[in-house]
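output the structure for:
(chains A and B)
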Amino acid sequence: KQEVTQIPAALSVPEGENLVLNCSFTDSAIYNLQWFRQDPGKGLTSLLLIQSSQREQTSGRLNASLDKSSGRSTLYIAASQPGDSATYLCAVPRAFGNEKLTFGTGTRLTIIP
Amino acid sequence: NAGVTQTPKFQVLKTGQSMTLQCAQDMNHEYMSWYRQDPGMGLRLIHYSVGAGITDQGEVPNGYNVSRSTTEDFPLRLLSAAPSQTSVYFCASSNRLRFVSGANVLTFGAGSRLTVL
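Sure thing, here's the model as predicted:
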């Protein structure tokens, strides 16, 4: 059974710093990995989807990397801003083309002005 | 606004009461699903549907029923609410054809916070 872990559960950094969020998964036979953002009282918004054949995916100040062999993905946020404060979750599908996702428990990020 | 709409946003129930959480999407998505989110446990799949008339169980289906009579709607029914069902519930949908290519993502509703006393 796939297990997805995100450590730490919470992180606070000063504005302007670059930071890395971690996601680990136990079964390396994944097809893709998604990073989501969740704001308090809101639903989840997809940030990046990285395919198993890719090593990196970028969107603006966000960069997601994937290392299947080690069972890890990282989300790099450059030049952090207070608006980046949110909970970030990663998720992997249970099979190719399968919409059923296994989610990590998330990292709550606070950017200190 | 196009997207996934959930109602109600907040609900308080007493143990044993029944209720229905509503989910509607206007994107003509074939796939719809319900997740619950509990502190420290991430999101867990309750039920899902790949099209009208087709539903299946997810990871934690006990105590919940679903039906899919139309493409747009996917209600979640709590038959006899229990305190263990206190949670935030999210509905999500996707276009299956794009998802099977590994390229699509789920669109989530804003959530329904349920408290069972």
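
what pLDDT does residue 39 get?
In the absence of a named chain, this looks at chain A. The model reports residue A:39 with a pLDDT of 92.

wrong one, I was asking about chain B
According to the prediction, residue B:39 has pLDDT 84.

so how many other residues sit close to it?
10 (other Cβ atoms under 10 Å in any protein chain shown). From N, CA and C alone the C-beta is placed, and that goes for glycine too.

and it, how close does it get to residue A:87?
When Cβ to Cβ, to the nearest Å is applied, the distance between residue B:39 and residue A:87 equals 11 Å.

residue A:64 belongs to a helix?
No: remark: residue A:64 does not belong to a helix; assigned using DSSP: H, G, I helix; E, B strand; the rest coil, it is strand.

bridged to it, which residues?
The residues listed as beta-bridge partners of residue A:64 by DSSP bridges are residue A:57, residue A:75.

so it makes contact with residue A:75?
Yes: if you go by Cβ atoms under 8 Å, residue A:64 and residue A:75 touch, sitting 5.2 Å apart.

which neighbours do those two share?
Residues touching both residue A:64 and residue A:75 (Cβ atoms under 8 Å, 6 or more residues apart in numbering or on different chains) are A:35, A:47, A:48.

neighbouring contacts of the host helix or strand of the second one?
So the one you mean is residue A:47. Secondary-structure assignment from DSSP states H and E places residue A:47 in strand A:44-51. When contacts are taken as Cβ under 8 Å, 6+ apart, the neighbours of strand A:44-51 outside the stretch itself are A:31-39, A:56-59, A:62, A:64-66, A:73, A:75, A:88-89, B:43, B:90, B:92, B:102-103, B:105-106, B:108.

dig out what the residue lying closest to residue A:8 once chain neighbours are set aside forms beta bridges with.
Setting aside the residues directly before and after it, residue A:8 is nearest to residue A:107 in space (Cβ to Cβ, 6 or more residues apart in numbering or on different chains), at 6.2 Å. In this structure, residue A:107 has the following beta-bridge partners (DSSP bridges): residue A:88.

and the pLDDT for residue A:107?
96.

surely it and residue A:10 touch.
Yes: with contact defined as Cβ under 8 Å, residue A:107 counts as touching residue A:10 (6.8 Å).

just want to know which of the two has more residues nearby.
residue A:107 (21 against 10).

show the contacting residues for that one.
The neighbours of residue A:107, taking Cβ under 8 Å, 6+ apart as the test, are A:6, A:7, A:8, A:9, A:10, A:11, A:21, A:22, A:87, A:88, A:89.

so what's the fourth one scoring on pLDDT?
Yep, that's residue A:9 we're talking about. What the model reports as pLDDT for residue A:9 is 93.

for chain B, what helix or strand is lowest in average pLDDT?
Taking mean pLDDT, DSSP states H and E as the measure, the helix or strand of chain B with the lowest value is helix B:96-99, at a mean of 61.

any idea which helix or strand comes after it?
For helix B:96-99, the following helix or strand on the C-terminal side (DSSP H and E) is strand B:107-108.
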